[in-house]
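*Asks:* compute the structure for the input listed below.
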Amino acid sequence: MYLGPLQLVPRFAPTQVLWKRGPSTVREVHAESQSRKPSQYTTTLRVMQIMTDKGILTRDESDRAHIYAPTVEREIVQREMVASLIDRIFGGSAEGLLIGALSVRPASKKELARMRQMLDEHEKGKRQ
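*Replies:* Got it, this is the predicted structure:
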């Protein structure tokens, strides 16, 4: 089964940690990611090396412990992956994505208020 960019989601686990913590060593990324999905240190190291080779991460080798950082902002990756998801899974329907997301995981009152605000702003922008 081909899922395109969705296959990259597990590999983006190190970037989730790096986006949250900022530049970090493999050991720091590994330690923080263990609560979500336990893995071997060598697996984390290898994934981060591959991500560096592909240009997703940078590696500062000036110290003994190499420091990794993402090369792309979280928002850019999220936008690209959501656009791909809407096109590939929901037939281009943003409504389908929203309905699917809310049926799987309920939103908090704060999240719903933010969504309403964004919808209002989007609608106003379309009419002007």
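*Asks:* only C-alpha atoms for contact and neighbour calcs from this point on.
*Replies:* Noted.
*Asks:* what comes up buried for the lengthiest helix in the chain?
*Replies:* Secondary structure of the chain per DSSP state H: the longest helix is helix 109-127. By 16 or more other CA atoms under 10 Å, helix 109-127 has no buried positions at all.
*Asks:* so how far is that helix off the chain centroid?
*Replies:* Relative to the centre of its chain, helix 109-127 is centred 23 Å away, using CA atoms, centre = their mean, to the nearest Å.
*Asks:* for that helix, give the mean pLDDT please.
*Replies:* Taken as a whole, helix 109-127 has an average pLDDT of 88.
*Asks:* just the CA trace of that helix, in CSV.
*Replies:* Extracted C-alpha coordinates of helix 109-127, given in CSV (Å, rounded to 0.1, in the frame of the first residue of the first chain):
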residue,chain,number,x,y,z
LYS,A,109,-13.6,24.3,23.7
LYS,A,110,-10.5,26.5,23.2
GLU,A,111,-9.7,24.6,19.9
LEU,A,112,-13.3,24.9,18.7
ALA,A,113,-13.3,28.7,19.4
ARG,A,114,-10.0,29.1,17.5
MET,A,115,-11.5,27.1,14.6
ARG,A,116,-14.6,29.3,14.5
GLN,A,117,-12.4,32.4,14.6
MET,A,118,-10.3,31.1,11.7
LEU,A,119,-13.4,30.2,9.7
ASP,A,120,-14.9,33.7,10.3
GLU,A,121,-11.6,35.3,9.2
HIS,A,122,-11.4,33.0,6.2
GLU,A,123,-14.9,33.8,5.1
LYS,A,124,-14.4,37.6,5.5
GLY,A,125,-11.2,37.4,3.5
LYS,A,126,-13.0,35.6,0.7
ARG,A,127,-15.7,38.2,0.5
